[in-house]
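Undergrad: okay, sequence plus prediction incoming.
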Amino acid sequence: LQGTARQTFTIQPGDDSAEVNMPPASESNEAIQAFNLGVQAYQAKDFASALVHFNKALSFDDQMHQAWGAIGVIHLAEKRLPEAADAAEKAVALGSTSETVLRTRWEAYRDAGMEAEANKALEELQRITQLTGEAKEQFNQGGALSKEGNHEAAFAAFSEAHKLDPNLRPALLG
(Lines give C-alpha, C1' and ligand atoms only; values in the text may rest on other atoms or scores of the structure.)
Protein backbone atom coordinates (compact mmCIF):
# COMPACT_ATOMS: atom_id res chain seq x y z
CA LEU A 1 0.00 0.00 0.00
CA GLN A 2 3.00 2.27 0.30
CA GLY A 3 6.09 2.86 -1.76
CA THR A 4 6.84 3.20 -5.42
CA ALA A 5 6.92 0.50 -8.06
CA ARG A 6 8.60 1.17 -11.37
CA GLN A 7 7.95 -0.75 -14.56
CA THR A 8 9.19 -0.41 -18.10
CA PHE A 9 6.77 -0.79 -21.01
CA THR A 10 7.44 -1.05 -24.71
CA ILE A 11 4.73 0.76 -26.65
CA GLN A 12 4.06 -0.62 -30.10
CA PRO A 13 2.58 1.46 -32.94
CA GLY A 14 -1.15 1.01 -33.34
CA ASP A 15 -2.91 -0.54 -36.29
CA ASP A 16 -4.88 1.97 -38.38
CA SER A 17 -7.05 -0.75 -39.93
CA ALA A 18 -9.55 -0.55 -37.05
CA GLU A 19 -10.58 2.95 -38.17
CA VAL A 20 -11.31 2.05 -41.79
CA ASN A 21 -15.08 1.75 -41.29
CA MET A 22 -15.45 4.93 -39.25
CA PRO A 23 -16.85 7.98 -41.01
CA PRO A 24 -14.11 10.58 -41.02
CA ALA A 25 -14.34 13.38 -38.49
CA SER A 26 -14.13 16.90 -39.80
CA GLU A 27 -10.68 18.38 -39.98
CA SER A 28 -12.07 21.91 -40.23
CA ASN A 29 -11.95 23.84 -36.98
CA GLU A 30 -14.47 26.31 -38.39
CA ALA A 31 -16.89 23.48 -39.19
CA ILE A 32 -16.51 22.01 -35.71
CA GLN A 33 -17.02 25.39 -34.04
CA ALA A 34 -20.13 26.12 -36.12
CA PHE A 35 -21.46 22.62 -35.39
CA ASN A 36 -20.93 23.10 -31.65
CA LEU A 37 -22.81 26.42 -31.79
CA GLY A 38 -25.59 24.60 -33.60
CA VAL A 39 -25.76 22.01 -30.83
CA GLN A 40 -26.00 24.76 -28.22
CA ALA A 41 -28.81 26.45 -30.15
CA TYR A 42 -30.59 23.12 -30.59
CA GLN A 43 -30.38 22.39 -26.87
CA ALA A 44 -31.86 25.85 -26.22
CA LYS A 45 -34.69 24.88 -28.64
CA ASP A 46 -33.67 27.69 -31.00
CA PHE A 47 -34.08 25.58 -34.12
CA ALA A 48 -33.76 28.48 -36.56
CA SER A 49 -30.33 29.43 -35.19
CA ALA A 50 -29.32 25.79 -34.99
CA LEU A 51 -30.09 25.34 -38.70
CA VAL A 52 -28.02 28.41 -39.52
CA HIS A 53 -25.04 27.05 -37.56
CA PHE A 54 -25.32 23.52 -38.97
CA ASN A 55 -25.50 24.90 -42.51
CA LYS A 56 -22.51 27.10 -41.75
CA ALA A 57 -20.63 23.99 -40.58
CA LEU A 58 -21.48 22.36 -43.90
CA SER A 59 -20.17 25.40 -45.79
CA PHE A 60 -16.78 24.63 -44.26
CA ASP A 61 -17.05 20.84 -44.56
CA ASP A 62 -19.89 19.46 -46.67
CA GLN A 63 -18.88 15.91 -45.69
CA MET A 64 -19.75 16.42 -42.00
CA HIS A 65 -22.39 13.73 -41.58
CA GLN A 66 -23.17 14.89 -38.03
CA ALA A 67 -24.41 18.24 -39.32
CA TRP A 68 -26.55 16.57 -42.00
CA GLY A 69 -28.03 14.29 -39.33
CA ALA A 70 -28.80 17.21 -37.02
CA ILE A 71 -30.46 19.13 -39.85
CA GLY A 72 -32.62 16.08 -40.56
CA VAL A 73 -33.72 15.90 -36.91
CA ILE A 74 -34.73 19.58 -36.93
CA HIS A 75 -36.63 19.28 -40.21
CA LEU A 76 -38.49 16.24 -38.87
CA ALA A 77 -39.40 18.06 -35.65
CA GLU A 78 -40.78 20.91 -37.74
CA LYS A 79 -42.65 18.53 -40.08
CA ARG A 80 -40.61 19.38 -43.18
CA LEU A 81 -40.58 15.73 -44.19
CA PRO A 82 -38.89 15.82 -47.62
CA GLU A 83 -36.08 17.98 -46.22
CA ALA A 84 -35.72 15.67 -43.20
CA ALA A 85 -35.48 12.58 -45.39
CA ASP A 86 -33.02 14.27 -47.74
CA ALA A 87 -30.71 15.41 -44.92
CA ALA A 88 -30.82 11.99 -43.26
CA GLU A 89 -30.06 10.31 -46.60
CA LYS A 90 -27.03 12.57 -47.02
CA ALA A 91 -25.81 11.68 -43.52
CA VAL A 92 -26.19 7.96 -44.25
CA ALA A 93 -24.47 8.32 -47.62
CA LEU A 94 -21.54 9.94 -45.83
CA GLY A 95 -21.25 6.94 -43.49
CA SER A 96 -23.48 7.72 -40.53
CA THR A 97 -24.89 4.67 -38.79
CA SER A 98 -26.39 6.69 -35.95
CA GLU A 99 -29.68 5.26 -34.74
CA THR A 100 -31.06 8.82 -34.51
CA VAL A 101 -30.26 9.52 -38.17
CA LEU A 102 -31.68 6.18 -39.33
CA ARG A 103 -34.82 6.70 -37.25
CA THR A 104 -35.21 10.25 -38.61
CA ARG A 105 -35.00 8.96 -42.18
CA TRP A 106 -37.56 6.22 -41.52
CA GLU A 107 -40.01 8.53 -39.71
CA ALA A 108 -39.76 11.18 -42.44
CA TYR A 109 -40.55 8.65 -45.18
CA ARG A 110 -43.31 7.02 -43.11
CA ASP A 111 -44.99 10.32 -42.23
CA ALA A 112 -44.73 11.47 -45.85
CA GLY A 113 -46.55 8.32 -46.97
CA MET A 114 -43.58 7.05 -48.97
CA GLU A 115 -44.17 3.40 -48.13
CA ALA A 116 -41.42 1.75 -50.20
CA GLU A 117 -38.73 4.12 -48.93
CA ALA A 118 -40.05 3.81 -45.35
CA ASN A 119 -39.90 0.01 -45.49
CA LYS A 120 -36.32 0.06 -46.77
CA ALA A 121 -35.32 2.62 -44.14
CA LEU A 122 -36.99 0.57 -41.40
CA GLU A 123 -35.16 -2.59 -42.48
CA GLU A 124 -31.83 -0.77 -42.29
CA LEU A 125 -32.73 0.78 -38.92
CA GLN A 126 -33.60 -2.65 -37.51
CA ARG A 127 -30.44 -4.23 -38.94
CA ILE A 128 -28.17 -1.53 -37.50
CA THR A 129 -29.98 -1.58 -34.13
CA GLN A 130 -29.58 -5.35 -33.96
CA LEU A 131 -25.89 -5.07 -34.85
CA THR A 132 -25.44 -2.44 -32.15
CA GLY A 133 -26.99 -4.78 -29.58
CA GLU A 134 -24.74 -7.62 -30.70
CA ALA A 135 -21.73 -5.30 -30.60
CA LYS A 136 -22.51 -4.32 -27.01
CA GLU A 137 -22.76 -7.99 -26.06
CA GLN A 138 -19.36 -8.64 -27.66
CA PHE A 139 -17.92 -5.62 -25.86
CA ASN A 140 -19.22 -6.87 -22.50
CA GLN A 141 -17.76 -10.29 -23.22
CA GLY A 142 -14.43 -8.66 -24.03
CA GLY A 143 -14.52 -6.80 -20.72
CA ALA A 144 -15.15 -10.01 -18.80
CA LEU A 145 -12.35 -11.81 -20.64
CA SER A 146 -9.99 -8.94 -19.97
CA LYS A 147 -10.75 -9.07 -16.24
CA GLU A 148 -9.98 -12.79 -16.31
CA GLY A 149 -6.61 -12.00 -17.87
CA ASN A 150 -7.42 -13.58 -21.22
CA HIS A 151 -6.24 -10.60 -23.26
CA GLU A 152 -6.02 -12.40 -26.59
CA ALA A 153 -9.68 -13.48 -26.45
CA ALA A 154 -10.66 -10.04 -25.10
CA PHE A 155 -8.93 -8.37 -28.05
CA ALA A 156 -10.84 -10.63 -30.44
CA ALA A 157 -14.15 -9.77 -28.73
CA PHE A 158 -13.42 -6.02 -28.80
CA SER A 159 -12.41 -6.27 -32.48
CA GLU A 160 -15.64 -8.10 -33.32
CA ALA A 161 -17.67 -5.48 -31.40
CA HIS A 162 -16.02 -2.71 -33.41
CA LYS A 163 -16.61 -4.56 -36.66
CA LEU A 164 -20.33 -4.97 -35.83
CA ASP A 165 -20.74 -1.31 -34.80
CA PRO A 166 -18.02 1.13 -35.85
CA ASN A 167 -19.71 3.81 -33.71
CA LEU A 168 -19.06 1.81 -30.51
CA ARG A 169 -15.90 3.72 -29.63
CA PRO A 170 -15.33 1.98 -26.26
CA ALA A 171 -14.58 -1.15 -28.29
CA LEU A 172 -11.56 0.66 -29.74
CA LEU A 173 -10.41 1.54 -26.25
CA GLY A 174 -10.79 -2.08 -25.20
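TA: Everything's here; your move. None of these values were measured; they are calculated from a predicted model.
Undergrad: and the spatially closest residue to residue 112 that is not a sequence neighbour, what is it in contact with?
TA: Of all residues not flanking residue 112 in the chain, residue 81 sits nearest, at 4.1 Å (Cβ to Cβ, 6 or more residues apart in numbering). Glycine gets a C-beta too; all of them are placed from N, C-alpha and C. Residues near residue 81 by Cβ atoms under 8 Å, 6 or more residues apart in numbering: 75, 108-109, 111-112.
Undergrad: next: residue 115.
TA: Applying Cβ under 8 Å, 6+ apart, no residues qualify as near residue 115.
Undergrad: how about low-confidence regions in the protein?
TA: 1-2, 5, 9, 11-25 (pLDDT under 70).
Undergrad: quick check: longest helix of it.
TA: Ordering each helix of the chain by length in residues (DSSP state H) puts helix 115-148 first.
Undergrad: what's the first helix or strand after it?
TA: Where DSSP states H and E defines the elements, the next helix or strand beyond helix 115-148 is helix 151-164.
Undergrad: what angle separates that next one from helix 115-148?
TA: Interaxial angle of helix 151-164 relative to helix 115-148 (axes from the mean of the first three to the mean of the last three Cα atoms, to 10 degrees): 170 degrees.
Undergrad: just the residues contacting the following helix or strand past helix 151-164, thanks.
TA: Per DSSP H and E, the first helix or strand lying C-terminal to helix 151-164 is helix 169-173. Here helix 169-173 makes contact (Cβ under 8 Å, 6+ apart) with 18-19, 135, 138-139, 142, 158-159, 161-162, 165.
Undergrad: thank you kindly, that will do.
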